[in-house]
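Chemist: Structure here, sequence nowhere to be found:
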């Protein structure tokens, strides 16, 4: 199998996507979504990263991330997925036992790897941000992007806090 290469040397922002194992809806409940966002905020702080936008769907996550130093993305993603996985499994075992019975908790929470797209222009930023924010609408979860509590759409369209520091890069 050919090895994947992540290009993380030009300080571009990254549009990242990662999915739940076998597209299971581990993120259906609010608590796992809060865990994903809490770990996102914590890891951004630890690595001095920035988040331009995000959306947490029932079975996958999109985010636009930027780091002030080269070669930060892989470590960030490993930590984000690993730390959130441990906490989600704990929640499923202890806090959502009936829901957890629908899953084999010995399996992974996240699919291995993640998808990364370097954002090299303002046009691409806007395109990916709009794509992310429309995700819950396309999935018929809400009528408007701002109706989905688990994305940065409310920050951009209404100036409201979204639980994670977000904003355009300077």
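Modeler: Now that the structure is in, tell me what you want to look at. For clarity, every value in this text was computed on a predicted model and none was experimentally measured.
Chemist: Show me what the most centrally placed residue in the chain bridges to in the sheet.
Modeler: The residue lying closest to the centre of the chain (Cα atoms, centre = their mean) is residue 61, at 3.8 Å. Judged by DSSP bridges, the bridge partners of residue 61 are residue 18, residue 56.
Chemist: and the worst-scoring helix or strand of the chain on mean pLDDT, how far out from the chain's middle?
Modeler: In the chain, the helix or strand scored least confidently by mean pLDDT, DSSP states H and E is helix 97-100, which has a mean of 71. How far helix 97-100 lies from its chain's middle: 23 Å, per Cα atoms, centre = their mean, to the nearest Å.
Chemist: which parts of the next helix or strand after that helix are buried?
Modeler: Using DSSP states H and E, the helix or strand that directly follows helix 97-100 along the chain is strand 115-119. Across strand 115-119, burial judged by 16 or more other Cβ atoms under 10 Å covers 116, 118-119. From N, CA and C alone the C-beta is placed, and that goes for glycine too.
Chemist: Name the nearest residue to residue 168, ignoring sequence neighbours.
Modeler: residue 52 (6.4 Å; Cβ to Cβ, 6 or more residues apart in numbering).
Chemist: Let me fix that, I meant to ask about residue 50.
Modeler: Nearest non-adjacent residue to residue 50, counting by Cβ to Cβ, 6+ apart: residue 66, 4.6 Å away.
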